[in-house]
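Student: fold the following, please.
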Amino acid sequence: MLDGIAKLNAMRHESLGDPEIETRIAQYEMAYRMQSSVPELMDLKGEPQSTYDLYGAEARTPGTFAANALLARRLVERGVRFVQLYHRDWDQHDNLPGQLAVNAKETDQPSAALVSDLKQRGLLDETLVIWGGEFGRTVFAQGGANKDNYGRDHHGRCFSIWMAGGGIKGGIAHGATDELGFHAVQDRHYVTDVHATILHQLGLDPRKLEVPGRKRLEIDYGSPIRQIIA
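Tutor: Below is the predicted model:
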């Protein structure tokens with residue numbers, strides 16, 4: 001069937017010369033390669049014990065953050081250009097001490113392992129790793145005053161992300177807050193500066209991009225954060 005579609009598309013392209021037909025052919029071929037590569041990608045039998053020592057025991061359990069971090073490395077190895085990992089349940093309006101400890105246990109080791117794994121395989125220089133969310137949390141408690149059970153509210157005035165690889169300087173911290181950790185007061189950046197930095201490292205100029213529905217990039221392009229670029 002796919003061969004038949006390819007022949008029909010090729011005939012149509014020969015008749016019209018429309019470059020979008022070539023794009024469609026390439027999309028079909030890419031989709032087939034993606035589907036046919038899944039069984040080998042998901043088969044972790046060839047991974048040595050040292051891999052699980054690096055990512056943690058949960059990397060053997062499908063669906064965990066550790067297992068997904070390992071799959072992310074395997075995707076990058078195979079030339080996948082964009083990989084996104086999710087970890088939910090950071091919205092702790094109560095019971096923060098207990099829940100945050102669980103989140104950290106689930107994500108800290110696999111996140112560090114992914115960066116280390118990419119580096120030792122020679123992939124980190126060409127892979128930009130970004131770890132962050134859409135906002136921070138307040139520095140003051142929400143809810144009761146019990147030290148063992150309290151929460152924090154959403155906080156968009158100050159929050160942090162970290163980046164690794166992809167031409168970003170390692171071992172530095174950029175920016176600072178006030179003494180309460182409430183406002184960013186040094187080397188402040190709006191989120192479009194982060195966008196611009198990512199695009200710059202990908203070799204793209206945000207001022208030349210038109211992204212329907214993403215009006216902030218069109219209105220306030222932001223500037224690459226030069227201080228963190230190697």
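Student: any idea which element residue 66 lies in?
Tutor: Residue 66 belongs to helix 65-77 when elements are defined using DSSP states H and E.
Student: and the contacts of that helix?
Tutor: 41-42, 44, 47, 51, 55-61, 83, 85, 87, 106-107, 109-111, 113-114, 117-118, 121, 123, 127 (CB atoms under 8 Å, 6 or more residues apart in numbering). C-beta: built from backbone N, CA, C; applies to glycine.
Student: of those residues, grab the buried ones for PyMOL.
Tutor: Here is the PyMOL selection string for the buried members of these, based on 16 or more other CB atoms under 10 Å:
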select buried, resi 47+51+55+56+58+59+83+87+106+107+109+110+111+113+114+117+118+127
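Student: in helices only, show me the contacts of helix 65-77.
Tutor: 41-42, 51, 55, 106-107, 109-111, 113-114, 117-118 (DSSP state H).
Student: which residue ranges of the chain form strands?
Tutor: 128-131, 136-137, 154-155, 162-165, 176-177, 184-186 (DSSP state E).
Student: tabulate the ones you listed in CSV, adding columns for distance to residue 204.
Tutor: Output for the strands of the chain, formatted as CSV (distance: least, CB to CB, whole Å):
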stretch, distance to residue 204
strand 128-131, 12
strand 136-137, 27
strand 154-155, 30
strand 162-165, 16
strand 176-177, 29
strand 184-186, 26
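Student: out of these, nearest to residue 1?
Tutor: Checking these against residue 1 by CB to CB gives strand 128-131 as the closest, at 37.7 Å.
Student: domain parsing for the protein?
Tutor: Domain ranges of the chain: 1-40, 44-188, per automatic domain parsing.
Student: most packed of those?
Tutor: domain 44-188 (a mean of 15; mean count of other CB atoms under 10 Å).
Student: distance of residue 57 from residue 110?
Tutor: As judged by CB to CB, to the nearest Å, residue 57 and residue 110 stand 11 Å apart.
Student: same question but for residue 81, I mixed them up
Tutor: Counting by CB to CB - residue 81 and residue 110 are separated by 21 Å.
Student: please apply the same query to residue 39.
Tutor: 23 Å.
Student: and if you look at residue 26?
Tutor: For residue 26 relative to residue 110 (CB to CB), the value is 34 Å.
Student: what of residue 4?
Tutor: 44 Å.
Student: let me see the contact set for residue 78.
Tutor: Residues near residue 78 by CB under 8 Å, 6+ apart: 37, 41.
Student: per-residue pLDDT, it?
Tutor: Residue 78 is assigned 89 on the pLDDT scale.
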